[in-house]
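Trainee: Sequence first, predicted coordinates after that:
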Amino acid sequence: MSSLQNNKYPNKITKAVFPVGGLGTRFLPATKSMPKELMPIIDKPLIQYAVEEALAVGIETLIFVTSASKHAIFDHFDPMPSLKMRFEQQGRMDLVEKVDILSTEVKTVFIPQGEPLGLGHAVLQAQSLISADEMFAVLLADDFIEAPQNPLHALLECAQKTGQTSLSVEQVPSERISSYGIVSPKQWQAGQTEIEAIVEKPPRDEAPSDFGVIGRYVLPARIFDVLKQTPADAKGEIQLTDAIKTLLQREGAHAVQLDGQRFDCGHHEGFVMANLHVAMKDPALRSKISDYLNEQA
Ligand code: UTP
């Protein structure tokens, strides 16, 4: 039995939801016809990093909640046999490897969100694919994570041990506290804690801590009923944090501290830094980029 198939919640977590239906307004015009999750870190799209992270912990079904008018994510994961055959005939196995992204065992499902009515609304669209006693992962691909251990591993373990909502969190700089959902931890133990409360985007001086929720969650199917009852906010969006707050008050929830680095690629600074971070790890790029940066400094 693997460490991810034990404890209180016996069912293995095999499904992950990728909400990719947002408008990505902070990256217009790039996101006018392309989902922001397809923006690359050097040469690999953000969504592919997130998918690889999920597959590495045993996720078998990938559920993409996408905007009806954007087919590019479907195309990205399509096997495209003619392209593969062309590269094979040219003996370019290096290119075959690059376009052959998903093995045939992985199940992919694409659900249109219809209208971008918020992250909570996006997650709710996956309801028909998740059974009532199941837990599932949610990954926001615009949070790019570099970590020594796959961050989903500890999150899934926590969810299976407790049977409760488990959220990935990291300490955020004080000037960014008001941009995130902030949790109030009870008592940390080996990087995990029960949480007392979650507050969406609090003013810095009212925040219960500096632990911000990042885009990796494991949720029980019970969240769907809560989402259906969650009113839209002032912008007309159903927020996932509001539903998590209700579930937390009802039955508890846990936070797992990220052991690694997260780049919020939903805004320019995080996206550019993620690209620099990955480029600086590439021996072929490192010296050229540091020379260039030194010249600019
Ligand atoms: P964000 O708020 O970061 O994405 O949502 P956004 O709304 O696309 O970006 P901006 O603020 O306009 O620049 C976090 C994640 O939730 C998805 C987004 O695609 C992103 O991955 N999302 C958001 C949906 O799938 N549907 C929505 O209605 C809203």
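Mentor: Thanks, I have the structure now.

Trainee: and stretch 269-283, anywhere near the ligand?
Mentor: No - Stretch 269-283 stays clear of the ligand (Cβ under 6 Å from any ligand atom), getting no nearer than 10.7 Å. Every residue, glycine included, has its C-beta placed from N, CA and C.

Trainee: Any idea how far that stretch is from the middle of the chain?
Mentor: Distance, stretch centre to chain centre, for stretch 269-283: 19 Å (Cα atoms, centre = their mean, to the nearest Å).

Trainee: where along the protein do the helices fall?
Mentor: Counting by DSSP state H, one finds helices in the chain at the ranges 46-55, 72-77, 81-89, 93-99, 119-124, 151-162, 223-229, 240-251, 268-280, 283-296.

Trainee: Show me what the fifth one packs onto, helices and strands only.
Mentor: With contacts defined as 3 or more Cβ pairs under 8 Å, 6 or more residues apart in numbering; DSSP states H and E, helix 119-124 has these neighbours: strand 15-20, helix 223-229, helix 240-251.

Trainee: Up against the ligand, what does the protein have?
Mentor: Within the chain, the positions lying close to the ligand (Cβ under 6 Å from any ligand atom) are 19-26, 36-37, 65, 113, 116-119, 121-122, 140-142, 266.

Trainee: Swap in 5 Å and give it another go.
Mentor: 19-26, 116, 118-119, 122, 140, 266 (Cβ under 5 Å from any ligand atom).

Trainee: Just the buried ones out of those residues, please.
Mentor: Among the residues of the chain next to the ligand, those buried by neighbour count (16 or more other Cβ atoms under 10 Å) are P19, V20, G21, G22, G24, P116, G118, L119, A122, L140, G266.

Trainee: related to what we said a few turns ago, out of the helices and strands packed on helix 119-124, which one sits most buried?
Mentor: Neighbour counts (mean count of other Cβ atoms under 10 Å) averaged over each of the helices and strands packed on helix 119-124 peak at strand 15-20, with a mean of 25.

Trainee: what's next to that strand, contact-wise?
Mentor: 35, 37, 47, 50-51, 54, 59-67, 70, 73, 113, 119, 122-123, 126, 129-130, 134, 136-141 (Cβ atoms under 8 Å, 6 or more residues apart in numbering).
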